[in-house]
Each structure stands twice: as C-alpha cells, then as structure tokens.
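Student: Here you go, sequence then predicted model.
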Amino acid sequence: QVQLHESGGGLVQAGASLRLSCAASGRTFSNPTMGWFRQAPGKEREFVAAISRGGVVTYYADSVKGRFTISRDNAKATVSLQMNSLKPEDTAVYYCAADPKLPGPSWKSGDLNSWGQGTQVTVSS
C-alpha cells in the first residue's frame, strides 16, 4: 500500500496558476505510476493526468492538455501538478493516485490502488 498526501490547493482567480504536490510513502516501488484526478461538486471523479516512474511517459485529459503539466521527483517521492490559465470549471477537489498501470486510457476508469485524501482548488471568475 502507498500512502499519498496532497498539498497546495487554494482559492485563485481565473487565469492564475497553482501548483499541487503529492508526497508518497510506503510501497511506492509496486505502484510506480502516479497521477491526478479531480471531482467537482455534483460530478463524477475524472482523470486529469498521469506520469510513469521515470517521467518519460505522461498522459493528460483533453480538458487540461496544454494548461497543466505533471512532473515527479523520485528522490523526494513526490509528484506535482502545475496548473496554468485556470478556469472556474477547474474548481474541484484534486486527488493524487498511484498504481502499477502505465499512464494511458486505463487510468481513466479510476480503478487504481492508492488514493490521497484530496485538496480543494477553487477558481473564481
């Protein structure tokens, strides 16, 4: 099992940037791919981005492509999500996840091994 803890959420205006971080501990070697999901009020949880162990393979939802960038620092066991040009529709609780599956369409199901508790991101118009 991997323990995940998100940080960096907050309240920003539309067009601003925000950086989320997720610290991992535990059996990270067995869940090498890490990523982000989000869930807005009244909506289902949706995939945002994922990154492979070495950082070479990344996969993004179409809704964030070109605005969000996922990265990781394996020495610190962290994964980050740089969010630029934020829109009100980006408002959601953002969750970190870890799983053995490589980044790709299979991540969209949300059937993953480990999850964090989430951090709130609110974008005002």
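Tutor: Right, received. Where do you want to start?
Student: So which residue is smack in the middle of this protein?
Tutor: Nearest residue to the geometric centre of the chain (CA atoms, centre = their mean): Trp36, 1.9 Å.
Student: right, and that residue touches Ile70 too?
Tutor: Yes - Trp36 lies in contact with Ile70 (CB atoms under 8 Å); the separation is 6.7 Å. Glycine gets a C-beta too; all of them are placed from N, C-alpha and C.
Student: Pull up the overlap in contacts between the two.
Tutor: Residues touching both Trp36 and Ile70 (CB atoms under 8 Å, 6 or more residues apart in numbering) are Ala49, Ala50, Val79, Leu81.
Student: residues touching the last one, list them.
Tutor: When you say that, I think you mean Leu81. When contacts are counted by CB under 8 Å, 6+ apart, Leu81 touches Arg19, Leu20, Ser21, Cys22, Trp36, Val48, Ala49, Phe68, Thr69, Ile70, Tyr94.
Student: filter these to the buried ones?
Tutor: Leu20, Ser21, Cys22, Trp36, Val48, Ala49, Phe68, Thr69, Ile70, Tyr94 (16 or more other CB atoms under 10 Å).
Student: What is the nearest of the residues you listed to Gly116?
Tutor: Minimum distance to Gly116 across the buried ones among the contacts of Leu81 is 6.0 Å, recorded for Cys22 (CB to CB).
Student: still on that earlier bit, now intersect the contacts of Leu81 with the strands, please.
Tutor: Using DSSP state E, the subset of the contacts of Leu81 located in strands is Arg19, Leu20, Ser21, Cys22, Trp36, Val48, Ala49, Phe68, Thr69, Ile70, Tyr94.
Student: And the residue nearest to the fourth one when sequence neighbours are not counted, how far from Ser80?
Tutor: This means Cys22. Nearest non-adjacent residue to Cys22, counting by CB to CB, 6 or more residues apart in numbering: Cys96, 3.4 Å away. Plainly put, Cys96 is 10 Å away from Ser80 if you go by CB to CB, to the nearest Å.
Student: How far does stretch 101-111 stretch from one end to the other?
Tutor: 10 Å (CA to CA, to the nearest Å).
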